[in-house]
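Undergrad: sequence first, predicted coordinates after that:
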Amino acid sequence: MKKVMLAIAVCVLAAPACATTSQTSAPNVGDETLDSRTYCRNLSKAKGGDYRIEEDCLIEEYQAKMSVSSMQVPAETTQKCWKSAQDAGGSYKVMEQCIQKELKGKGK
């Protein structure tokens with residue numbers, strides 16, 4: 001099951017995401033996507049290079065990307081969290097957590 005999820009995660013993370021321009025949008029900016037593969041590879045290397053760390057990371061990134069894509073997020077929050085995710089190395093998990101904190105802080 002884990003290998004199936006990993007294969008799905010890699011396919012989805014490698015595919016370009018749909019862009020949107022509405023005020024409440026799925027959080028991709030323009031045609032850009034976050035580089036989860038590189039993020040997970042770097043995380044794995046930092047923790048000793050174990051392939052299981054990279055696999056688990058890719059699965060978490062896939063789940064976070066799916067979660068984020070289903071959220072209705074104000075454009076300002078999208079921009080702020082997109083920048084945080086990029087600054088962290090390209091992580092949808094970071095973006096998801098940022099959006100959740102921002103929306104919770106705004107009482108939404």
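TA: Happy to help now that I have it.

Undergrad: need the pLDDT of residue 33.
TA: Listed pLDDT for residue 33 reads 86.

Undergrad: wait, residue 27
TA: Predicted confidence (pLDDT) for residue 27: 55.

Undergrad: low pLDDT regions in this structure?
TA: Within the chain, the stretches with pLDDT under 70 are 1-31, 108.

Undergrad: got the contact list for the most centrally placed residue in it?
TA: When CA atoms, centre = their mean is applied to the chain, the residue found nearest the centroid is residue 92 (1.3 Å). By CB atoms under 8 Å, 6 or more residues apart in numbering, the contact list for residue 92 reads 34, 36, 61, 64, 65, 68, 85. No exception for glycine: its C-beta is placed from N, CA and C like everyone else's.

Undergrad: most widely separated two among these?
TA: Maximum pairwise distance among the contacts of residue 92 (CB to CB): 11.6 Å, between 36 and 68.

Undergrad: find the residue closest to residue 38 in space, skipping its chain neighbours.
TA: residue 90 (5.9 Å; CB to CB, 6 or more residues apart in numbering).

Undergrad: which SS state does that neighbour fall under?
TA: Assigned with DSSP: H, G, I helix; E, B strand; the rest coil, residue 90 falls in the coil class.
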